[in-house]
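S.K.: Predicted model follows, preceded by the sequence.
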Amino acid sequence: MKPLGPIPAGFSAIAGELAIGGLKSSALVRKAGGTPLFVYSREMIEARMAALRNAMPPQLRIHYAMKANPYAPILEFIADLVDGLDVASGGELELARAAGYLAREISFAGPGKRDTELKQAIATGVTLHCESAGEIERALTFGIALQVAPRLAIRVNPSFELRGSGMKMGGGAKPFGIDEDQVPALARRIVDAGADWRGFHIYTGSQSLDAAALIETQGNVLDLAARLAREAGVAVPHLNMGGGFGIPYFDKDKPLDIAAIGAALTGRFASLPPELTDTKFAIELGRYLVGEAGVYLTRIVDRKVSHGITYLITDGGLHHQLAASGNFGAVVRRNYPLAIASRFDAPPEEEANVVGCLCTPLDRLADAAHLPRAEVGDLVAVFCAGAYGATASPSAFLGQGPAREVLV
């Protein structure tokens, strides 16, 4: 048997069935019109934000990285909980504006911004996190043409990285950000050109469960920002310190100790260098805010035995849950948290493989999992589905189309 990942705290059963937001899974599916279905819990997002606010220093702003989940009801709901929004495309910027976010609350990062996106961002008044010298020059040129002082920050590619992170986005050669040795001259260029200088964005990696590594990286970020400001001779109005907070997906993963991170950051804020005494600080988090609040529900459409191995075949799969299938950058496939939602409190009694409906052996949701006996018609729940699910998976593959979504 291969162990399943840990089911996040906060889920319970009603009459033996998985409940989300106080409603049974089957009721949610009926209301939505069928499966596959993503269900997101308001209560769990609120609880996560409350715990984070309690742990972090009060002056730290919390931004939502909407690439994790741009579902419009989530964007609208979380707007009252966070202090800003980070987007990574012109399309996300349009969704953010449609959800009611003010331009001053939005920052825009990402390599390869098109001219149309730069013009859109400048005209709208959002902060651009510039990722190359060429991007800075284009932004300045478009600002002149639009007769607007563009709000520009520099995304820094630091020489260090976040130890143990799932995806490393800083340190060494990277498509992201401007190498730290080039930053002082370019910061002066932005200020001297009359742009609205907004400071630095230093993002090093994602999906870390190591509080010590995150504490070390946040300290390095503060030291680097102060040094760059000193070398450039500019103030740092705002410092986006990145994110990197992970959630447990796999067996033996432990929740991140945010209390330790908050205590360390509070200590650093109490003794800031002079270059940062007037700086406003933010972290940007995506999956940490919404990942554990989401469940993917899919129905078993067939049960079969092949060479003595039981297969539970569902109407969902990797086209909605690419990460759970192990095809989203994983080196070795491990099981996500998964349960038979229809028999949530039943004891396990068989070993089964849970697979999707696609015509590919890559479409796997659980391998050799110890589960309650499940039959055709039962619902399967894949947990930790609130981030990088619906929009980070190939929903058009084999003509399957998107899953339904609901916020409860």
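M.R.: Thanks, I have the structure now. All of these numbers come straight from a predicted model, not from anything done at the bench.
S.K.: Longest helix in this structure, please.
M.R.: Across the chain, the longest stretch assigned as helix under DSSP state H is helix 211-232.
S.K.: helix or strand right after that one?
M.R.: Counting by DSSP states H and E, the next helix or strand C-terminal to helix 211-232 is strand 238-240.
S.K.: What helices and strands are in contact with that following strand?
M.R.: Counting contacts by 3 or more C-beta pairs under 8 Å, 6 or more residues apart in numbering; DSSP states H and E, strand 238-240 packs against strand 196-202, helix 211-232, strand 280-285. The C-beta positions use only the backbone N, C-alpha and C, and glycine is treated the same way.
S.K.: can you rerun that using 10 Å?
M.R.: For strand 238-240, the packing partners by 3 or more C-beta pairs under 10 Å, 6 or more residues apart in numbering; DSSP states H and E come out as strand 60-65, strand 84-87, strand 127-130, strand 151-157, strand 196-202, helix 211-232, strand 280-285.
S.K.: Please save the CA atoms from whichever helix or strand comes after the first one in PDB.
M.R.: The first helix or strand that comes after strand 60-65 along the chain, using DSSP H and E, is helix 72-78. Output in PDB follows, covering the C-alpha atoms of helix 72-78 (Å, rounded to 0.1, in the frame of the first residue of the first chain):
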ATOM      1  CA  ALA A  72     -14.400  35.000  -9.100                       C
ATOM      2  CA  PRO A  73     -16.400  34.300  -6.000                       C
ATOM      3  CA  ILE A  74     -13.100  33.600  -4.100                       C
ATOM      4  CA  LEU A  75     -11.600  36.900  -5.400                       C
ATOM      5  CA  GLU A  76     -14.600  38.800  -4.200                       C
ATOM      6  CA  PHE A  77     -14.800  37.000  -0.900                       C
ATOM      7  CA  ILE A  78     -11.100  37.300   0.000                       C
END
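S.K.: and the nearest residue to K304 once chain neighbours are set aside, which of the three is it?
M.R.: For K304, the nearest residue in space outside its immediate sequence neighbours is Y311; the separation is 5.1 Å by C-beta to C-beta, 6 or more residues apart in numbering. Here Y311 is strand, with the state taken from DSSP: H, G, I helix; E, B strand; the rest coil.
S.K.: how close does Y311 get to A68?
M.R.: Distance, Y311 to A68, by C-beta to C-beta, to the nearest Å: 31 Å.
S.K.: Same check on H201?
M.R.: Counting by C-beta to C-beta - H201 and A68 are separated by 17 Å.
S.K.: cool, and V191?
M.R.: Counting by C-beta to C-beta, the gap from V191 to A68 is 33 Å.
S.K.: and if you look at E275?
M.R.: From E275 to A68 the distance is 31 Å (C-beta to C-beta).
S.K.: More neighbours: which of the two?
M.R.: Counted by other C-beta atoms under 10 Å, E275 and A68 do not tie: A68 has more neighbours, with 25 against 20.
S.K.: residue contacts, that one?
M.R.: 74, 86, 206, 243, 284-291, 294, 386-389, 391-392 (C-beta atoms under 10 Å, 6 or more residues apart in numbering).
S.K.: Now intersect these with the helices, please.
M.R.: 74, 287-290.
S.K.: what residue ranges in the stretch 151-300 of the chain score low on pLDDT?
M.R.: 163-174 (pLDDT under 70).
S.K.: try it again with 90
M.R.: Applying pLDDT under 90 to the stretch 151-300 of the chain flags residues 159-177, 203-206.
S.K.: Strand partners (parallel or antiparallel) of the strand ranked longest in the chain?
M.R.: As assigned by DSSP state E, the longest strand anywhere in the chain is strand 294-306. Strand 294-306 has the following strand partners under DSSP bridges: strand 37-40 (antiparallel), strand 309-314 (antiparallel), strand 379-382 (antiparallel).
S.K.: For L214, find the nearest of the ones you listed.
M.R.: The minimum distance between L214 and the strands paired with strand 294-306 falls on strand 37-40, with 25.5 Å, by C-beta to C-beta.
S.K.: Name the residues of stretch 24-33 that come out as buried.
M.R.: 24-26, 28-29, 32 (16 or more other C-beta atoms under 10 Å).
S.K.: Might you report the residue contacts of the closest residue to P36 other than its chain neighbours?
M.R.: Excluding its sequence neighbours, the residue lying closest to P36 (C-beta to C-beta, 6+ apart) is G316, at 3.7 Å. Listed by C-beta under 10 Å, 6+ apart, the contact partners of G316 are 35-38, 296-301, 324, 354-358, 363, 365, 380, 382, 400, 403.
S.K.: before we move on, the earlier item: out of the strands paired with strand 294-306, which is the most enclosed?
M.R.: strand 379-382 (a mean of 26; mean count of other C-beta atoms under 10 Å).
S.K.: after that one comes which helix or strand?
M.R.: Heading C-terminal from strand 379-382 (DSSP H and E), you reach strand 404-407.
S.K.: Sounds good, over and out.
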